[in-house]
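Undergrad: okay, sequence plus prediction incoming.
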Amino acid sequence: MISLEISQVYFSYLNGLVLHNINLSVNVGEMVGLLGPNGSGKTTLLKLASGMLKPAQGGIKLDGYSLNSLSRKAIARNIAVVPQQFHIPFAFTTAEIVMLGRTPFLRPLADETEADRQLVDKALELVNIRELAKRRFDELSGGERQKVILAMALAQQPKLLLLDEPTVHLDIAHQTETLELVKRLNAQQGLTVIAAMHDLNLAALYFDRLILLKEGRVWADGTPHEVLTEAKISEVFSVSVRVEKHPLTGTPHIVVMPREFNKRQ
Amino acid sequence: MLPPRSNGADYLFMEIPLSCRRGIFALIAVIVMKLRRRKLILVLLLLGGCLVASLSLASAFGAVDIPLPDILKIALNRLAIFNFPTTWRGVEETIIFQVRLPRVIGGALVGSALATAGVLFQGLLRNPMADPYIIGTSAGAALGATIAMSLPINLAFLSFGLVPLAAFCGALATVFLVYNLARVGGKTPIVSMLLAGVVVSSLMAAIVALLMSISDRLQLNLHSVYSFLMGHISVTGWEQIAIIAPLVIGGVVGARFFIFHLNAFSLGEEGAGYLGIEVERDKILILALGSLLTAAAVSISGLVGFVGLIVPHAVRMSFGPDHKLLLPASALAGAAFVVIADLLARTLLAPVEIPVGVVTAIIGAPFFIYLLRHTRKEYAF
């Protein structure tokens, strides 16, 4: 079953071509990591997948319906997005922010229902931040904020979750906690996940399928073993690495070989 | 023979039949029981009470002071709810009903409209310094009013003079101009809109200044431009209220449609889009609603500053930023604030009338500084 189908998509900002002939389909229940250097088009691809940007050519379908034909509300009832960072200028509490996730389901003039409040509680519970419910969002640490935004996205009850570098502001404990939560939702509830990732090792550990982008093109698409090879990584990132085996899981583990160090040897 | 006069409120209360009094007590008891948990309704009841109190006070004081119970009785008689025996002079009833009440209610409408528009603009633009005038309504209204004052004709449209009408149209036309100037490729980025607003406002303010500086040579009578710029509630009868009230009340009620949108806009336009908001369409609707409210207020009061800026801030700091409470609470608080400010403007230095905008600034600025320094819910910039 296909959840998201991107076919022959081209996209450019005013200053140049960003994505070039992208063809991808993501099935229901997949957990996909998007990899690639800065500026390779990861964030742009996520914005296209969420309908926030419209492709210049080609089409994107969600469950067989063209994204262009769906209202923002219909999209928001199916896709939740966790961007890299939110700046919120008002002193909302955590619970109020998570309640924003219910926005696509609220009718104008109607109040939030008991069911909405329960979903908010459940989302806070899932992300393990119940104790932050009454705290003000702007007083939280970067890692806590990231979790609150994730809880908001989960309160949206999405079928497809798009994450833009979900671990970027987190320490190593919070990184694994977040990815384990997403992995658990993926395994238990069949939530489809597409996440842009910078950390290749975490991506190899938690994702079943990785897509490597270079200069707006899909360079490789497959399992971590197929994608994270020494040759492909050095082609795309222009760094020399050695790929070893993770001692526990057997997934690829990338070790950087610094150039400066080589010279001194 | 007239019964002896009393200023006490109990005097009024005793005239209500006993059964009716018991009913009122029972009703209040039930409401308090039901609402103990509902912050929203408690806050609105509290602010509604403040508004009623300020309306009563403002009706009582002026060139002629009239006892508070008489005011309430006149109002209740007029509403045909009760029929109290007339214990006051006919001239008092005329002053209350024909002169003071329209002005007091006009003040309440101005305050309500400006505070609601302030909430709409601050929420949409995510800018703590946003007020109803930020995208050019004030400058447009001032220019419209100045041009109308320079014209040697005296037109009246539905009991409105040319000046309020021109102010109303000037405000709306300016917002339309600013919005379209800021529009790039199907989108209207908020930063461009703020910049366009500043530029257009400066240009229009310059034209007003130009007209004023050459007014003597052209033999224009622009003395009332000053009064317009400082804010002055110029309601002289019920006809103006009859036109402005539906606009303002409709606008305040209409704003209720956008509470979830405004909450979602706190995440920025992109974040709001992810939550299912049609960003560009709803931006136009919220801007149009805010501008309409501002234009309605400006047409009967000139530029009363500070209300649209500080009332939403004060309410947000006291009760939190959720627009479900923020919008109606600001509408009530704004109304009470302007009614009291106008009362002070009329009475402090009587018979000289201070511009109401001066009073709102003199009360508003220190109050705002106090809020900034003394609350835990201080603003997160």
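TA: Looks like it arrived, so ask away. Residues are numbered from 1 along each chain as shown, chains lettered A, B, ... in the order given.

Undergrad: dump the residue contacts of residue 166.
TA: If you meant another chain, say so; for now it's chain A. A:82, A:146, A:150, A:178, A:179, A:182, A:195, A:197 (CB atoms under 8 Å, 6 or more residues apart in numbering or on different chains). In this view, the C-beta of every residue, glycine as well, is placed from N, C-alpha and C.

Undergrad: you looked at the wrong chain, it should be chain B
TA: Shown in contact with residue B:166 (CB under 8 Å, 6+ apart): B:144, B:145, B:147, B:148.

Undergrad: with just CA atoms, put stretch A:102-111 into PDB.
TA: Provided in PDB are the C-alpha atoms of stretch A:102-111 (Å, rounded to 0.1, in the frame of the first residue of the first chain):
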ATOM      1  CA  ARG A 102      -6.100  19.500  17.600                       C
ATOM      2  CA  THR A 103      -6.600  22.600  15.400                       C
ATOM      3  CA  PRO A 104      -7.500  20.700  12.200                       C
ATOM      4  CA  PHE A 105     -10.200  18.800  14.000                       C
ATOM      5  CA  LEU A 106     -11.900  21.800  15.800                       C
ATOM      6  CA  ARG A 107     -15.000  23.400  14.300                       C
ATOM      7  CA  PRO A 108     -15.200  27.200  14.300                       C
ATOM      8  CA  LEU A 109     -17.200  28.500  17.300                       C
ATOM      9  CA  ALA A 110     -17.100  25.100  19.000                       C
ATOM     10  CA  ASP A 111     -15.000  24.400  22.100                       C
END
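
Undergrad: which positions in that stretch come out as buried?
TA: Within stretch A:102-111, the residues that qualify as buried are A:102, A:103, A:104, A:105, A:106, counting by 16 or more other CB atoms under 10 Å in any protein chain shown.

Undergrad: any idea of the pLDDT on the nearest residue to the last one once chain neighbours are set aside?
TA: Closest residue to residue A:106 in three dimensions, ignoring its sequence neighbours and counting by CB to CB, 6 or more residues apart in numbering or on different chains: residue B:260, at 5.2 Å. The confidence metric pLDDT takes the value 93 at residue B:260.

Undergrad: residues from chain A in reach of chain B?
TA: Proximity of chain A to chain B (CB under 8 Å from any CB of the partner chain) is limited to residues A:50, A:52, A:71-77, A:79-81, A:83, A:86-93, A:96, A:100-101, A:103-104, A:106, A:108-109, A:111, A:136, A:138, A:156.

Undergrad: quick one: which of the residues you listed sit in strands?
TA: Among these, the ones falling in strands (DSSP state E) are A:79, A:80, A:81.

Undergrad: pairing partners for the last one in the sheet, please.
TA: Residue A:81 has these beta-bridge partners by DSSP bridges: residue A:162.

Undergrad: please report the distance of it from residue B:51.
TA: Between residue A:81 and residue B:51 the computed distance is 42 Å (CB to CB, to the nearest Å).

Undergrad: quick one, which of these two is more surrounded?
TA: Between residue A:81 and residue B:51, counted using other CB atoms under 10 Å in any protein chain shown, residue A:81 has the larger neighbour count: 26 against 22.

Undergrad: how deep is the one residue in chain B that gets nearest to chain A tucked in, by neighbour count?
TA: In chain B, the residue that lies nearest chain A is residue B:276 (3.2 Å; CB to the nearest CB). Close neighbours of residue B:276, defined as other CB under 10 Å, add up to 22.

Undergrad: pLDDT value on it, please?
TA: Per-residue confidence (pLDDT) for residue B:276: 93.

Undergrad: and it, what does it touch?
TA: Contacts of residue B:276 (CB under 8 Å, 6+ apart): A:71, A:72, A:73, A:74, A:75, A:76, A:77, A:103, A:104, B:264.

Undergrad: if we go to 7 Å?
TA: Contact analysis of residue B:276 by CB atoms under 7 Å, 6 or more residues apart in numbering or on different chains lists A:72, A:73, A:76, A:77, A:103, A:104.

Undergrad: same check on residue B:298?
TA: By CB under 7 Å, 6+ apart, the neighbours of residue B:298 are B:137, B:141, B:167, B:171.

Undergrad: the first one contacts residue B:297, correct?
TA: No: at 9.3 Å, residue B:137 and residue B:297 do not qualify as touching, with contact defined as CB atoms under 7 Å.

Undergrad: who has more neighbours, the two?
TA: Between residue B:137 and residue B:297, residue B:297 has the larger neighbour count (other CB under 10 Å), namely 38 against 34.

Undergrad: OK, contacts around that one?
TA: Counting by CB under 7 Å, 6+ apart, residue B:297 touches B:110, B:113, B:114.

Undergrad: ok, back up a step: how many neighbouring residues does the residue nearest to residue A:106 have?
TA: 26.

Undergrad: swap in residue A:201?
TA: Neighbour count for residue A:201, taken as other CB under 10 Å: 16.
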